[in-house]
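Student: how would this look folded up:
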Amino acid sequence: VQLQASGGGLVQAGGSLKLSCAASGRTFSSYAMGWFRQAPGKEREFVAAISWSDGSTYYADSVKGRFTISRDNAKNTVYLQMNSLKPEDTAVYYCAWGWGTFVHDYDYWGQGTLVTVSS
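Tutor: Modelled structure (predicted):
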(Lines give C-alpha, C1' and ligand atoms only; values in the text may rest on other atoms or scores of the structure.)
Protein backbone atom coordinates (compact mmCIF):
# COMPACT_ATOMS: atom_id res chain seq x y z
CA VAL A 1 0.00 0.00 0.00
CA GLN A 2 1.27 3.45 -0.90
CA LEU A 3 -0.12 6.58 0.67
CA GLN A 4 0.65 10.05 -0.64
CA ALA A 5 -0.34 12.99 1.57
CA SER A 6 -0.53 16.55 0.28
CA GLY A 7 -2.09 19.92 0.97
CA GLY A 8 -0.02 21.19 3.85
CA GLY A 9 1.28 24.73 4.01
CA LEU A 10 1.47 27.95 5.98
CA VAL A 11 -1.77 29.53 7.16
CA GLN A 12 -2.73 32.20 9.66
CA ALA A 13 -4.63 31.35 12.80
CA GLY A 14 -8.33 31.09 12.06
CA GLY A 15 -7.69 29.96 8.51
CA SER A 16 -8.39 26.69 6.75
CA LEU A 17 -6.53 23.98 4.89
CA LYS A 18 -7.62 20.76 3.24
CA LEU A 19 -5.29 17.80 3.27
CA SER A 20 -5.54 14.92 0.82
CA CYS A 21 -4.21 11.39 0.97
CA ALA A 22 -4.19 9.29 -2.18
CA ALA A 23 -3.96 5.53 -1.70
CA SER A 24 -2.87 2.83 -4.09
CA GLY A 25 -2.05 -0.85 -3.98
CA ARG A 26 -5.13 -2.20 -2.22
CA THR A 27 -8.91 -2.08 -2.47
CA PHE A 28 -9.30 1.32 -0.87
CA SER A 29 -12.98 1.10 -0.08
CA SER A 30 -12.49 -1.95 2.14
CA TYR A 31 -10.22 -0.26 4.65
CA ALA A 32 -10.49 2.39 7.27
CA MET A 33 -8.19 5.41 7.16
CA GLY A 34 -6.91 7.82 9.71
CA TRP A 35 -4.97 11.03 10.19
CA PHE A 36 -2.32 11.57 12.82
CA ARG A 37 -0.03 14.50 13.53
CA GLN A 38 3.32 15.03 15.15
CA ALA A 39 4.49 18.37 16.47
CA PRO A 40 8.20 19.07 17.06
CA GLY A 41 9.39 17.30 20.18
CA LYS A 42 6.09 15.52 20.73
CA GLU A 43 4.75 12.06 20.09
CA ARG A 44 2.55 11.27 17.13
CA GLU A 45 -1.09 11.69 18.07
CA PHE A 46 -4.42 10.64 16.67
CA VAL A 47 -6.47 13.27 14.86
CA ALA A 48 -9.35 11.58 13.03
CA ALA A 49 -10.44 8.30 11.46
CA ILE A 50 -13.14 7.15 9.07
CA SER A 51 -14.48 3.62 8.81
CA TRP A 52 -14.85 1.73 5.57
CA SER A 53 -18.20 0.11 6.28
CA ASP A 54 -20.56 2.97 7.06
CA GLY A 55 -18.35 6.03 6.93
CA SER A 56 -18.40 6.52 10.68
CA THR A 57 -15.97 9.16 11.82
CA TYR A 58 -14.02 9.70 15.03
CA TYR A 59 -12.09 12.71 16.18
CA ALA A 60 -9.65 13.70 18.87
CA ASP A 61 -11.24 16.09 21.33
CA SER A 62 -8.72 18.75 20.36
CA VAL A 63 -10.03 18.96 16.79
CA LYS A 64 -13.69 18.03 17.21
CA GLY A 65 -15.94 20.62 15.62
CA ARG A 66 -13.08 22.14 13.60
CA PHE A 67 -11.78 19.26 11.47
CA THR A 68 -13.74 16.98 9.15
CA ILE A 69 -12.50 13.70 7.72
CA SER A 70 -14.08 12.35 4.55
CA ARG A 71 -13.32 9.88 1.80
CA ASP A 72 -13.94 9.43 -1.89
CA ASN A 73 -13.71 5.73 -2.68
CA ALA A 74 -13.91 6.37 -6.42
CA LYS A 75 -10.73 8.45 -6.18
CA ASN A 76 -9.05 6.30 -3.51
CA THR A 77 -8.59 9.45 -1.50
CA VAL A 78 -9.23 10.53 2.08
CA TYR A 79 -9.43 14.19 3.07
CA LEU A 80 -9.00 16.23 6.20
CA GLN A 81 -10.71 19.61 6.12
CA MET A 82 -9.22 21.79 8.83
CA ASN A 83 -11.02 24.97 9.84
CA SER A 84 -10.43 27.53 12.59
CA LEU A 85 -6.81 26.52 12.73
CA LYS A 86 -4.78 27.34 15.81
CA PRO A 87 -1.02 27.66 16.29
CA GLU A 88 -1.12 24.44 18.34
CA ASP A 89 -2.31 22.61 15.23
CA THR A 90 1.16 23.10 13.75
CA ALA A 91 2.59 19.66 13.00
CA VAL A 92 3.45 17.16 10.33
CA TYR A 93 0.22 15.42 9.39
CA TYR A 94 0.26 11.76 8.39
CA CYS A 95 -2.41 9.66 6.79
CA ALA A 96 -2.48 6.00 7.66
CA TRP A 97 -4.19 2.76 6.72
CA GLY A 98 -5.91 1.00 9.59
CA TRP A 99 -8.45 1.55 12.31
CA GLY A 100 -8.17 2.87 15.84
CA THR A 101 -6.70 5.74 17.81
CA PHE A 102 -3.23 4.36 18.43
CA VAL A 103 -0.22 4.41 16.16
CA HIS A 104 0.14 0.64 16.38
CA ASP A 105 -3.41 0.20 15.01
CA TYR A 106 -2.17 1.30 11.58
CA ASP A 107 -0.15 -0.78 9.14
CA TYR A 108 0.81 1.71 6.44
CA TRP A 109 1.75 5.38 6.60
CA GLY A 110 2.12 8.23 4.18
CA GLN A 111 5.18 10.46 4.17
CA GLY A 112 3.56 13.36 5.99
CA THR A 113 2.71 16.92 5.03
CA LEU A 114 3.68 19.94 7.11
CA VAL A 115 1.03 22.31 8.41
CA THR A 116 2.23 25.54 9.99
CA VAL A 117 -0.26 27.88 11.66
CA SER A 118 1.04 31.34 12.45
CA SER A 119 -0.39 33.48 15.24
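Student: Ramachandran angles for residue 89?
Tutor: Taking degrees, to the nearest 10, you get phi -80, psi -10 for the backbone angles of residue 89.
Student: Next, the contact list for it, please.
Tutor: 37, 63, 82, 115, 117 (CB atoms under 8 Å, 6 or more residues apart in numbering). C-beta: built from backbone N, CA, C; applies to glycine.
Student: Was I right to think residue 7 contacts residue 17?
Tutor: Yes - in this structure, residue 7 is within contact of residue 17 by CB atoms under 8 Å, at 6.2 Å.
Student: The two: who's more crowded?
Tutor: residue 17 (20 against 16; other CB atoms under 10 Å).
Student: Count residues in the vicinity of the closest residue to the more buried one other than its chain neighbours, would you?
Tutor: Of all residues not flanking residue 17 in the chain, residue 82 sits nearest, at 5.0 Å (CB to CB, 6 or more residues apart in numbering). Close neighbours of residue 82, defined as other CB under 10 Å, add up to 26.
Student: And the pLDDT for residue 82?
Tutor: At residue 82, the predicted lDDT confidence score is 98.
Student: Against residue 113, how distant is it?
Tutor: 11 Å (CB to CB, to the nearest Å).
Student: got any residues that touch both of the two?
Tutor: residue 19.
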